Structures are given as structure tokens and as C-alpha cells.
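Novice: just coords:
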């Protein structure tokens, strides 16, 4: 099966804590991409990052970083020094059939309290 | 703002009714995708159109249909509505069809409530 598993349903942290959101994927493809999206309380889905299977280097964007490890089929997302505005549901997604569809994980709800 | 627009933002209707959700893709994007987000099913792919042609179908009920028009906007038609159809419906767009490594950009969604 081709699927994405986000085992953490909900994580609560206090502002300025670092937090890591886990994503484990299964795919038959030898070349593939993975995505992270953010869904804030307002409801829209916001694209965060796209990575391909050729590149396992960590990606850093401000307080966000992503760790892609093919050996463990994981694509984890770390927020450093979390802020209240980071409170949202975060989804990991795997495109299938040549990008015809995205298969989403069940999401991780992150609550950052002041 | 992703550049994808969806109307209406909210829709409340009764069981048995029919509704139409509308989506305008980002400027230049040829592909439109529809997804349904419900509490029990999560985010599920419904259907994909590329430049007016249906390219892929997911878990879309027979009561649901979609089309993409020559100006590239898309409509999702939901008929004989049931309580279980209450959900957030997202439209997404990307530049091209299969083979490309395109990112799907999502609209703000239409929240459908069936009473």
C-alpha cells in the first residue's frame, strides 16, 4: 500500500519549545516526493515544503526544518522555538499516480500555549 | 493567499438537495483537484481535471460530479445530499498534469453543512 502515517494525533507545547512532528510513509515508487501542509484554525491548507527522494539533505527555512531519511521512510518536521501562531494541524502527503492525487496522513494537531 | 478561489465559503442546505461548489485555479494553472475533508474520513481525493478533461477519480460518490470549463474554472456538483456529506471541500490547482513535480495549491475551502 502507498500511505502516510502520522502517529501523533495531538501535541501540546509551551511557547519557545522545540517540537518535532513525525511522518512515516510507504511507497512502491523508487522516485517520489513528499509534502507538508499546514491547516491553521481558519481552515485553509497552506503548502510548506516539497522534497524529492533524491535529496536527503535536511531543509531549513527560518524556524522550520525537515529531516528526510529514506532508510527509515520518514520525513519529520521540526519547529524550533515554537510560537502561538504555529498552532495548527500539520499534514504530511504523498503524491500518487504521477501527481494525480495526494494521499494525506491523518494530521497532527499542534497546540502552542503562551 | 494561494491564488485559488472558492465560492461560497459556507453553504447550509437540507438533505436531498443539490449544490454547486465553484473553484477558480491560480492564474496559469491547468490542473484542478477536488478533495473532501471530514472528521471520520480525513482528507480524501475526489477528482482531478486537466485542461477540461477528467484525469483521475478517487473516492467520489456517484451522486457527485465535476467539470472543468474552457476558462479553467471548475465546479463540483453534489446531489441528493445526505447528512454524511457535511464536510469541508477543497479545490487545489497546479500547473500541469502527470509527470511533473508540481505542488498543489489549495483554496480556502467550502464548508458544507447538510441539515
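Specialist: Looks like it came in fine. What you see is a predicted model, and the numbers here were worked out from it, not measured in a lab.
Novice: Lowest-scoring secondary structure element of chain B by mean pLDDT?
Specialist: strand B:53-57 (a mean of 92; mean pLDDT, DSSP states H and E).
Novice: what's the burial count for residue A:9?
Specialist: 9 (other Cβ atoms under 10 Å in any protein chain shown). (Glycine included, C-beta is placed from N, CA and C.)
Novice: Tell me the strands beside the lowest-mean-pLDDT helix or strand in chain A, with direction?
Specialist: One helix or strand of chain A scores below all others by mean pLDDT, DSSP H and E: strand A:59-61, with a mean of 85. Taking DSSP bridges as the criterion, strand A:59-61 sits next to strand A:64-69 (antiparallel) in its sheet.
Novice: close to chain B, is the next helix or strand after the partner strand?
Specialist: The element immediately downstream of strand A:64-69 (helix or strand, assigned by DSSP states H and E) is strand A:74-79. No - between strand A:74-79 and chain B, judged by Cβ under 8 Å from any Cβ of the partner chain, nothing touches; the nearest distance is 15.2 Å.
Novice: ok, then the element right after strand A:74-79?
Specialist: Following strand A:74-79 in sequence, per DSSP H and E, is strand A:88-96.
Novice: tally of neighbours for residue A:76?
Specialist: Residue A:76, neighbours per other Cβ under 10 Å, totals 18.
Novice: Could you pull up the contacting residues of it?
Specialist: Applying Cβ atoms under 8 Å, 6 or more residues apart in numbering or on different chains, we find residue A:76 in contact with A:20-23, A:66-67, A:69.
Novice: Taking those, tell me the two that lie furthest apart.
Specialist: A:21 and A:69 (14.4 Å; Cβ to Cβ).
Novice: who has more neighbours, the two?
Specialist: residue A:21 (22 against 11).
Novice: Any figure for the gap between the more buried one and residue A:74?
Specialist: 11 Å (Cβ to Cβ, to the nearest Å).
Novice: where does residue B:84 land in three-state SS?
Specialist: helix (DSSP: H, G, I helix; E, B strand; the rest coil).
Novice: Closest to residue A:43 out of the contacts of residue A:76?
Specialist: residue A:21 (19.2 Å).
Novice: among the contacts of residue A:76, who's most crowded?
Specialist: residue A:23 (27 neighbours).
Novice: Can you verify my assumption that that one contacts residue A:104?
Specialist: No - using Cβ atoms under 8 Å, residue A:23 is not in contact with residue A:104; the gap is 10.5 Å.
Novice: Need the residues touching each of these two.
Specialist: A:4, A:92.
Novice: Perfect, I'm done here.
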